[in-house]
Every structure is written in C-alpha cells, then in structure tokens.
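Chemist: Below is the sequence, then the predicted model.
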Amino acid sequence: MVDIVLNHTAADSAWLGRHPEAGYSLTNSPALRAAAAFDTQLLRFSCEVARGDHAGDGVPAAMSSADVVNRAADLARDTAPKAIRLWEYYVADAETECAAMLAWATG
C-alpha cells in the first residue's frame, strides 16, 4: 500500500515546479491571508529576538532554558496577533452580509 498526498511536498520539488497550481498560495487560497500574515509576524518576532530586541522583556537572544522559551512563547502570543490586528480578518458587517446573502438567495 502506498499513500501519496501530492500537496505534501517540498517547496523546491521538481513536481511542484512543473505544477505550481497544485501548491497553496494567497492567489488560489485567499482564506490563508490571516495565516500568512500571522506567520510573517512570527518570523519578524523571531528576528527581533535573535537581535536581542526583547532582552528587556526577559527574552534574551540565547534560548538558554525552558523558562526563556516559555517567556518568548508568551510574549509572541501576546504581541503577534495585536501587531497585525489579527481579529480584523474575522470581522464582518452582519447587516451587509445578510443582505447580500438574501439578495443572492432570492435571485
């Protein structure tokens, strides 16, 4: 038995190079915008930690103990979503959306 999941492949695979439409992107999967923004913010946070920008917050550049790692995780959890205003990706104007849905349903 062989289980092949073609979209579980390395970003630099030859197959994906020949079939870029098979990979996820913000063009073919716009629902991933929030995840991509969050991922980018976590990368920024990691770079800030590596530069020592958060040493004053108890998160030095060197992850020397589980306690430091936990402080870094707590700080990332507290700051990253706010930095990109993550909640805004999930806000909809209920009146507008209901009216659009009703208009669509009634033809």
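Modeler: Structure's in. What do you need? Numbers count the residues shown, from 1 in each chain.
Chemist: Show me what the helix or strand bottoming out on mean pLDDT in the chain is packed up against.
Modeler: Sorted by mean pLDDT, DSSP states H and E, the helices and strands of the chain end with helix 14-18, the least confident at a mean of 87. The helices and strands touching helix 14-18, judged by 3 or more C-beta pairs under 8 Å, 6 or more residues apart in numbering; DSSP states H and E, number zero. From N, CA and C alone the C-beta is placed, and that goes for glycine too.
Chemist: can you list the residues that contact that helix?
Modeler: Helix 14-18 is contacted from outside by 6, 9-10, 22-23, using C-beta atoms under 8 Å, 6 or more residues apart in numbering.
Chemist: What subset of those residues is buried?
Modeler: residue 23 (16 or more other C-beta atoms under 10 Å).
Chemist: quick one: low-confidence parts of the protein?
Modeler: 1-7 (pLDDT under 70).
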